[in-house]
Every structure is written in C-alpha cells, then in structure tokens.
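1. Test case, fold it:
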Amino acid sequence: MRRVMFIAGLSVLALGSAAWADDFRAYDVEIIQPWTRATAPGETTAMVFMKLDNTGGIADRLLRASTPAADGVELHGAVVTTDEIKMEAVKAIELPPGIDVMLQPGGLHLMLTGLKGPLEKGTELPLTLTFERGGMVDITAEVTDPGATEPPADDD
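-> Next up, the predicted model:
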C-alpha cells in the first residue's frame, strides 16, 4: 500500500511540474510563460515577452539578459510622446513587491539584436536573466507564430 501511495504521489508531482514547465523562478521573482515570435530568415531582431511576478516583500530589478541566439539583448520600454509610442532601451526593469510586471507587445520587452539565425515556431529560445536580488536564472522562451499578440495557449 505504501508503494502504491508513493508511486501515486510521484505521478502527481510529475503532472504538476509538466503543468508549470513554462514557469521559472529567480529568488522571489516568478518568470511566467516566456515567449517570442518566429522570425523570417535574414531578420536581425526579435522581441521576448513574459510576466514577472515579484512574490516577495522587497523590490527587485531585471538588470540584463543574454542568449546564445543573438549578439545582444536590450531591456526595452515604451516611451509615449504626443504623437507616437517609441521603444527605447532602459537600464533596468523595476519589479515592485507584490506586483505583476508584464513584458508584452507595445510595452516592456526584451529586444534581441543581431540574431544568429531565424527563430522557428515550435522551438525554444534559451535565455539567461540577471536580477539585482535574484541573481542569474536560465529560462527558455517558446517560439510561437510570427504574428502572435499574446502567449501561446497552455495545452494542459
């Protein structure tokens, strides 16, 4: 009986970890469903999106990111002027405690520059994020449709 309960418990853990396969953690910051769009051959830039949830009681900051798939990664934010929205590099992305920060199309995002090849739908893009308090964490972003405006639907 104990063996059956143990195996059942392992099955629940395995299913639970599969359901959260798109999520990562850096200390108090949950990195939820990172994704990017597929690119065409010859494209040199791409954007990466995700939700960052600071579950702790102290602010943190995303300081930088890197990937072997591109020469560089910039942290970008939207700057609104009277007649347009421009995307500009920012020094850090602030993560106040208890607040979800969305990296999404038209707003904050990671900008990959100097892509070394196309990003293909159905693959995963490896990234390393560096947080002020949470340190470095390796994640993967799902590559979805080229025209996607939101993260891919969860298949679970």
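
2. hey, where'd the strands end up in this protein?
-> Secondary structure of the chain by DSSP state E: the strands cover 23-26, 29-37, 45-54, 60-66, 70-80, 85-89, 93-95, 100-103, 109-115, 124-131, 135-144.

3. Can you tell me which helices and strands the first one packs against?
-> The reference is to strand 23-26. Helices and strands touching strand 23-26, by 3 or more C-beta pairs under 8 Å, 6 or more residues apart in numbering; DSSP states H and E, are strand 29-37, strand 135-144. Where C-beta positions appear, they are placed from N, C-alpha and C, glycine not excepted.

4. among those strands, which is the most enclosed?
-> Among the helices and strands packed on strand 23-26, strand 29-37 has the highest mean neighbour count (mean count of other C-beta atoms under 10 Å), at a mean of 21.

5. That one vs strand 109-115, what angle?
-> Interaxial angle of strand 29-37 relative to strand 109-115 (axes from the mean of the first three to the mean of the last three C-alpha atoms, to 10 degrees): 50 degrees.

6. got any ranges where this structure has weak pLDDT?
-> 1-22, 154-156 (pLDDT under 70).

7. Can you tell me the centre-most residue of it?
-> P34 (3.1 Å; C-alpha atoms, centre = their mean).

8. closest to P151 out of the strands of the chain?
-> When those are compared by C-beta to C-beta, strand 29-37 sits nearest P151, at 4.7 Å.

9. For the closest one, which helices and strands make contact with it?
-> strand 23-26, strand 45-54, strand 124-131, strand 135-144.

10. quick revisit: may I see the helices and strands packed on strand 23-26 arranged in CSV, with distance to G56 as well?
-> Formatted as CSV, the helices and strands packed on strand 23-26 follow (distance: least, C-beta to C-beta, whole Å):
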stretch, distance to G56
strand 29-37, 8
strand 135-144, 13
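
11. To P118, which of those strands lies closest?
-> Minimum separation from P118 across those (C-beta to C-beta) falls at strand 135-144, 9.5 Å.

12. now that closest one, how far from the chain's geometric center?
-> With C-alpha atoms, centre = their mean, to the nearest Å as the basis, strand 135-144 stands 6 Å off its chain's centre.
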